[in-house]
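# Just a sequence and a predicted model for now, questions to come.
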Amino acid sequence: MHLVPLYTHLILLTLGNAFLVTLVAVYLNGQGAPAAQIGLVGAAFYLGMLGASFFADKFIQRLGHVRALVMCCATLALAAVALTWTSLLPVWLVLRMLAGMAAAISFVAVESWVLGVAPLNRRSSAMARYMLVYYFSYGISQLFIDGFTVYSPSAFWLAAGLCALALVPLRFARSPNLEDEITADGIAPSKPPRLDRAQGLAGCLVAGMLLGALSALMPIQLEQLALGDEVGLYMAWLILCGMAFQLPNGSLADKVGKKTMMGVQTLMVGSGCLLLWEFDGTHMLIPAFVLIGAGAFTLYPTTMSYACGNMNGRALVRMTQKLMFAYSIGSLTGPVIAGIMLEKFQAGLFLFLVLLVSGWGLWLLLARLLFSKPVGDAV
């Protein structure tokens, strides 16, 4: 119950921020802006996220989790309102970069908060609940696009209002006591082995590439497969499958081991893409999307909880920041590489995903064969 204010804050902030991310692209397109300019403004947000991953831990350490989140809410709200004051491209780029920085810091603060207060043997379940709340809020936010006039400034005020409203639950939130000396269940904190941390960072990189490519290019891939009239339906199904598997994945990761679940997720994504690659009929889309959605959307929380190990206090915040950096790099590079492959091959996105998860699966296999620690024993 002590995390209810934090989750309420996350819902409201995600509703405002995720709606604004989509709104900016739709608004610029409606104003006749060239595609290159729309892409540049969109990239500015993620560049801001990438930049903030260098100093988020110091920012949170200095202000504390609650005050840092208050600053992020205020920045996102003001940046959304300021977009209605001018149409100058340089100003929009700066505002979106500031919004990206605020979003990245809020992610690091919330994720380190959730991990820090959770018992060590329940961290995967805690991350699963966090991701479920986030994806649910993200999906609901997209409904605002059709329910409001996105070509008027009122839509930006709506996004700003939701971000500002996210300040209210923080009034009732208790700042987490993430001391370096003790963890949530009384166990002395310690760094995971270097190999485990490297695997966690690589897993977040792969997760960023997966989700970035799926979000940016799956609609285009579906249109190339002559499914343009059902893009929204299949994308909603993809996200729904990712949401539905969050809690089972978190429970299984805590019971059988996080590395075991990484292998399962890799097999699920690879199998789903192979089904789409080998079979042209639409009858395979539903089961394939179940596998891809369930595997891809759960890889990030699993690798994140695995990489953090028994960490607590500032070490946990620093590690969360590094994982956010790896995820941001993946989110930026994944769509670029997948887009190049999509131009050369009709099913280029699926080929990219198969190659990506094959490389990741090979890493997991080599780590198991070369080191004595059995798969699944890491907390």
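In hand now; what should we look at? Residues are numbered from 1 along each chain as shown.

# Can you name the element that comes right after the worst-scoring helix or strand of the chain on mean pLDDT?
Lowest on mean pLDDT, DSSP states H and E among the helices and strands of the chain sits helix 144-147, with a mean of 71. Next helix or strand after helix 144-147 toward the C-terminus (DSSP states H and E): helix 153-165.

# Mind giving me the packing neighbours of that next one?
With contacts defined as 3 or more C-beta pairs under 8 Å, 6 or more residues apart in numbering; DSSP states H and E, the packing partners of helix 153-165 are helix 4-30, helix 65-82. From N, CA and C alone the C-beta is placed, and that goes for glycine too.

# Turn those into JSON lines, columns for mean neighbour count and distance to residue 199.
Output for the helices and strands packed on helix 153-165, formatted as JSON lines (neighbours: other C-beta atoms under 10 Å; distance: least, C-beta to C-beta, whole Å):
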{"stretch": "helix 4-30", "mean neighbour count": "21", "distance to residue 199": "27"}
{"stretch": "helix 65-82", "mean neighbour count": "22", "distance to residue 199": "27"}
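
# Out of those helices, the one nearest residue 211 is which?
helix 4-30 (13.4 Å; C-beta to C-beta).

# I'd like the next helix or strand past that closest one.
Beyond helix 4-30 on the C-terminal side, the first helix or strand identified by DSSP H and E is helix 35-52.

# Buried residues, that following helix. List them.
Buried residues in helix 35-52, counted by 16 or more other C-beta atoms under 10 Å: 38, 40-42, 44-52.

# shaky segments in the stretch 101-250 of the chain?
Along the stretch 101-250 of the chain, segments meeting pLDDT under 70 span 146-151, 177-192, 226-230, 232.

# let's see 80
The model of the stretch 101-250 of the chain has pLDDT under 80 over residues 120-121, 142-153, 174-197, 215-217, 219-236.

# All the helices of it, residue numbers only.
Ranges of helices in the stretch 101-250 of the chain, per DSSP state H, counting those that start in this stretch, are 123-141, 144-147, 153-165, 167-170, 194-224, 231-244, 246-256.

# same deal with the stretch 251-379 of the chain?
Using DSSP H, counting those that start in this stretch, the helices found in the stretch 251-379 of the chain span residues 258-278, 285-308, 313-344, 348-370.

# tell me the most buried of these?
Among the helices of the stretch 251-379 of the chain, helix 285-308 has the highest mean neighbour count (mean count of other C-beta atoms under 10 Å), at a mean of 25.

# Convert the C-alpha atoms of that helix to CSV, please.
Only the C-alpha atoms of helix 285-308 are listed here, as CSV (Å, rounded to 0.1, in the frame of the first residue of the first chain):
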residue,chain,number,x,y,z
LEU,A,285,-0.2,-13.3,-36.8
ILE,A,286,-2.1,-13.7,-33.6
PRO,A,287,0.0,-16.5,-32.0
ALA,A,288,3.2,-14.9,-33.3
PHE,A,289,2.3,-11.6,-31.8
VAL,A,290,1.5,-13.3,-28.5
LEU,A,291,5.1,-14.7,-28.4
ILE,A,292,6.7,-11.5,-29.5
GLY,A,293,4.7,-9.2,-27.2
ALA,A,294,5.1,-11.5,-24.2
GLY,A,295,8.9,-11.9,-24.7
ALA,A,296,9.9,-8.4,-25.8
PHE,A,297,8.0,-6.4,-23.3
THR,A,298,9.2,-8.4,-20.3
LEU,A,299,12.9,-8.5,-21.2
TYR,A,300,13.7,-5.0,-19.8
PRO,A,301,12.3,-5.5,-16.2
THR,A,302,13.9,-9.0,-16.0
THR,A,303,17.4,-7.8,-17.0
MET,A,304,17.1,-4.7,-14.9
SER,A,305,16.3,-6.6,-11.7
TYR,A,306,19.0,-9.1,-12.5
ALA,A,307,21.7,-6.5,-13.0
CYS,A,308,20.9,-4.7,-9.8
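
# thinking again about what came up before, same list, the helices and strands packed on helix 153-165, but as JSON lines with distance to residue 254 please.
As requested, the helices and strands packed on helix 153-165 are exported to JSON lines (distance: least, C-beta to C-beta, whole Å):
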{"stretch": "helix 4-30", "distance to residue 254": "19"}
{"stretch": "helix 65-82", "distance to residue 254": "24"}
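
# which one of these lies closest to residue 245?
Among the helices and strands packed on helix 153-165, the nearest to residue 245 by C-beta to C-beta is helix 4-30 (19.2 Å).

# on that earlier part again, nearest to residue 56, of the helices of the stretch 101-250 of the chain?
Closest to residue 56 of these is helix 194-224 (C-beta to C-beta; 14.5 Å).

# buried residues in that closest one?
The neighbour-count check on helix 194-224 (16+ other C-beta under 10 Å) flags 196-197, 199-214, 216-222, 224 as buried.

# For it, name the packing helices and strands.
Secondary-structure packing of helix 194-224 (3+ C-beta pairs under 8 Å, 6+ apart): helix 231-244, helix 258-278, helix 285-308, helix 313-344, helix 348-370.

# what's the offset of it from the middle of its chain?
Taking C-alpha atoms, centre = their mean, to the nearest Å, the mean C-alpha location of helix 194-224 is offset from the chain mean by 10 Å.

# Just the angle for it relative to helix 35-52, thanks.
On the basis of axes from the mean of the first three to the mean of the last three C-alpha atoms, to 10 degrees, helix 194-224 is oriented at 160 degrees to helix 35-52.

# For the remainder of this discussion, apply numbering that starts at 520.
Sure thing, new numbering starts at 520, so read that last one as helix 713-743.

# Any chance you could list what contacts stretch 606-623?
The contact list for stretch 606-623 (C-beta atoms under 8 Å, 6 or more residues apart in numbering) reads 536, 539, 543, 550, 556, 559-561, 563-572, 575, 590-592, 594-595, 598-599, 601-602, 605, 843, 847.
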